[in-house]
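J.: Predicted model and sequence below, questions to follow.
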Amino acid sequence: MDNVHLTPEHEHFREQIARFVAREVEPHGEAWEAAGMVPREVLRKMGDAGFLGLMYEGAYGGAEADALTNLVFAEALSQSSFAGFVITVLVHTDMASPHLHHAGTPAQKAKYLPGVIAGRTITAVAITEPGAGSDVAGLRTRARRDGSEWVLDGSKLFITNGVHADLYFVAARTGEARHAISMFIVEKGTPGFTVGRALDKAGWRSSDTAELVFEGCRIPAEHLLGEEGRGFHSVMKNFQTERIALGAMAVGHCQRALELTREYVRDRQAFGATLWDKQAVRQRLAMLDAKTRAARAYLYHCAWLVTQGRDVVQDVSLLKALTGELVNEVVQGCQQFHGGMGYMRGTPIERLWRDARVLAIGGGATEVMLEEAAKRY
């Protein structure tokens, strides 16, 4: 990790997250998957521990930490085999609330950020629509000014935390130009805003995901987030934070899958010896580990570039493409060495396997990421 120097404080923080996951998440994750949601109580505990506002201002309860500390948090959190829990948290910390942190007025921050950081106000970001995902400029939800209010009409799809969030940052078209998009703050319970339906996913089972509907939804004019017509640029900027977090999630899952598999093959007997005694098994796991270590070094390099104020769009696009594909290769390779047990519901490797698939899709599909990078050569 050239130019990246993790301090003893970073490592202590990593251990703190690991202890929290072992104590508060792993014993309860299966019940959360059955319920289709992460309880608010655990998010409040994370807020009490100071985990939910690492990069935010101290005046609102944040820690004012840097991107490397935030990355340590995301990677350590992703050692959990319950990825639905992980994405619930990372959407709140790295994908939704940063819109408020970057573009909010002092009044907006004072009103909402303390609750966000404390885990009392859970956030979601509503950009994706049935016909617009990675192509943000193609969204069709509209907002029109009507006196002292904005009126929103349209729908959103695949919104993580969409069912149980308290606060939504919504992208809507405010002009006819392709990039004439603005961001808005919408509180749960606002008339004209409803959760259309909860969505049933193949993975991320404890992450609530929803369709959102806006029908004549009126919000105060002061709920415009940032400048009118600059929402597209805000979304593009925040994508870099989001994609680094997803890269960390992928690397964390790779590490966890390799750890589980090394333990399993050292115990599993086949043909008179353990699987670990088979050269082909050892070498395959070593190669998957090598690829994971290389991806991790690139991940930390990208975070370091952020701390230096560098343009990271190309690197982060490559990182997202790389790690989204790699986590599927690593987890599937590890699952193979678990044999039939790797296909059984309730085993950690099976959870990691089904949850890994979306990391090559969500937050920017691999093909989109490669095109973003290629345009910058």
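T.: Looks like it arrived, so ask away. Numbering: from 1, shown residues only.

J.: next structured bit after the helix or strand hosting residue 356?
T.: Assigned by DSSP states H and E, residue 356 belongs to helix 348-356. Sequence order places helix 366-374 as the next helix or strand after helix 348-356, per DSSP H and E.

J.: Return the set of buried residues in the longest helix anywhere in the chain.
T.: Longest helix in the chain, counting residues (DSSP state H): helix 231-267. For helix 231-267, a neighbour-count test (16 or more other CB atoms under 10 Å) marks 231-232, 234-235, 238-258, 260-262, 264-265 as buried. Bear in mind the C-beta positions are built from the backbone N, C-alpha and C, glycine included.

J.: repeat for stretch 313-325
T.: 313, 315, 316, 317, 318, 319, 320, 321, 322, 323, 324, 325.

J.: quick one: secondary structure of residue 144?
T.: Following DSSP: H, G, I helix; E, B strand; the rest coil, we place residue 144 in the strand state.

J.: That one: what's it in contact with?
T.: 150, 151, 174 (CB atoms under 8 Å, 6 or more residues apart in numbering).

J.: Any chance of those in a markdown table with secondary structure and distance to residue 360 as columns?
T.: Converted to a markdown table, the contacts of residue 144 look like this (DSSP: H, G, I helix; E, B strand; the rest coil; distance: CB to CB, whole Å):
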| residue | secondary structure | distance to residue 360 |
| --- | --- | --- |
| 150 | strand | 36 |
| 151 | strand | 37 |
| 174 | coil | 32 |
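
J.: Now pLDDT and neighbour count too, for those, in TSV please.
T.: What follows is these, written out as TSV (pLDDT from 0 to 100; neighbours: other CB atoms under 10 Å):
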residue	pLDDT	neighbour count
150	98	23
151	98	18
174	96	21
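
J.: which one among those residues gets closest to residue 218?
T.: Closest approach to residue 218 among the contacts of residue 144 (CB to CB): residue 151, at 5.5 Å.

J.: beta partners of that closest one?
T.: residue 144, residue 218 (DSSP bridges).

J.: was I right about it contacting residue 221?
T.: No. The criterion here is CB atoms under 8 Å, and residue 151 misses it with residue 221 at 10.9 Å.

J.: Need the residues touching each of those two.
T.: residue 145.

J.: who's in contact with residue 6?
T.: Residue 6 makes contacts with 68, 72, as judged by CB under 8 Å, 6+ apart.

J.: So it belongs to a helix, correct?
T.: No. Under three-state DSSP, residue 6 falls outside any helix and is assigned coil.

J.: Got the phi and psi for it?
T.: For residue 6, the backbone dihedrals (degrees, to the nearest 10) come out as phi -80, psi 130.

J.: now the strands for the stretch 51-200 of the chain?
T.: In the stretch 51-200 of the chain, the strands defined using DSSP state E, counting those that start in this stretch lie at 123-126, 142-146, 149-160, 167-173, 181-187, 193-198.

J.: Which one of these lies nearest to residue 75?
T.: Going by CB to CB, the one of the strands of the stretch 51-200 of the chain nearest residue 75 is strand 149-160, 19.2 Å.

J.: Reformat the contacts of residue 144 into CSV and put distance to residue 75 next to each item.
T.: Output for these, formatted as CSV (distance: CB to CB, whole Å):
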residue, distance to residue 75
150, 38
151, 42
174, 37
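
J.: can you tell me which of those lies nearest to residue 5?
T.: For the contacts of residue 144, the nearest to residue 5 is residue 174 (43.9 Å; CB to CB).

J.: For the closest residue to that closest one other than its chain neighbours, which residues are in contact?
T.: Among residues not flanking residue 174 along the chain, residue 182 sits closest, at 4.4 Å (CB to CB, 6 or more residues apart in numbering). By CB under 8 Å, 6+ apart, the contact set of residue 182 is 143, 171, 172, 174, 224, 225, 226, 227, 228, 229, 230, 231.

J.: most neighbours, which of the residues you listed?
T.: Greatest neighbour count in the contacts of residue 182, by other CB atoms under 10 Å, goes to residue 231: 30 neighbours.

J.: Partner strands of the lowest-mean-pLDDT helix or strand in the chain, with direction?
T.: In the chain, no helix or strand scores lower on mean pLDDT, DSSP states H and E than strand 269-270, which sits at a mean of 90. Strand pairing for strand 269-270, determined by DSSP bridges: strand 273-274 (antiparallel).

J.: contact partners of the partner strand?
T.: Contacts of strand 273-274 (CB under 8 Å, 6+ apart): 265, 266, 267, 268.

J.: Let me have those in TSV, adding pLDDT and distance to residue 377 as columns.
T.: As requested, the contacts of strand 273-274 are arranged in TSV below (pLDDT from 0 to 100; distance: CB to CB, whole Å):
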residue	pLDDT	distance to residue 377
265	97	41
266	96	44
267	95	48
268	94	46
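
J.: ok, those vs residue 358, which is closest?
T.: Using CB to CB, the contacts of strand 273-274 come closest to residue 358 at residue 265, 26.8 Å.

J.: Leaving out sequence neighbours, find the closest residue to that closest one.
T.: residue 275 (3.8 Å).
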